[in-house]
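> everything below, folded, please.
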Amino acid sequence: MVMGVIAKERLTEEERELLLEVVLEQRYASEVVSCELTDIETGLKNSEEQRVRNLNSLLLRLHKVGV
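Okay, here's the model as predicted:
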């Protein structure tokens, strides 16, 4: 339900930056990307092939830098 509220209410640039900072600092970034890929692979979400490739590349990069 919270995500629905956030989707309707646009976050400010400052809020988005703060959220990204927290996700990276708490080392949740790779977990979030991994979950997104799992949802796509199991059919819970639809996605274009290019997005899947981009997510895979991002996940590899996040693992490489330890995030």
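> what lies in contact with the longest helix along the chain?
Longest helix in the chain, counting residues (DSSP state H): helix 49-65. Residues outside helix 49-65 that contact it (Cβ atoms under 8 Å, 6 or more residues apart in numbering): 29-30, 33-34, 36-37, 40, 47. In short, each C-beta sits where N, CA and C put it, glycine included.
> just the buried residues from those, in PyMOL please.
Applying 16 or more other Cβ atoms under 10 Å to the contacts of helix 49-65, the buried members can be selected in PyMOL as follows:
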select buried, resi 29+30+33+36+37+40
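> out of the contacts of helix 49-65, the closest to residue 22 would be?
residue 29 (10.1 Å; Cβ to Cβ).
> the closest one contacts residue 67, doesn't it?
Yes: at 4.9 Å, residue 29 counts as touching residue 67 under the criterion of Cβ atoms under 8 Å.
> low-confidence regions, the protein specifically.
Within the chain, the stretches with pLDDT under 70 are 1-8.
> which stretches in it count as strands?
Ranges of strands in the chain, per DSSP state E: none exist.
> wait, what's in contact with the residue nearest to residue 46 when sequence neighbours are not counted?
Counting by Cβ to Cβ, 6 or more residues apart in numbering, residue 46 lies nearest to residue 40, which is 7.5 Å off, once chain neighbours are set aside. By Cβ under 8 Å, 6+ apart, the contact set of residue 40 is 46-47, 52, 55.
> now those in TSV, with distance to residue 13?
As requested, the contacts of residue 40 are exported to TSV (distance: Cβ to Cβ, whole Å):
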residue	distance to residue 13
46	28
47	25
52	27
55	23
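> which member of those is positioned nearest residue 11?
Nearest to residue 11 among the contacts of residue 40, with distances taken as Cβ to Cβ, is residue 55, at 20.9 Å.
> which of the contacts of helix 49-65 fall within helices?
Those of the contacts of helix 49-65 mapping onto helices are 29-30, 33-34, 36-37, 40, per DSSP H.
> which pair in those spans the largest distance?
Farthest-apart pair in the ones in helices among the contacts of helix 49-65 is 29 and 40; separation 17.0 Å (Cβ to Cβ).
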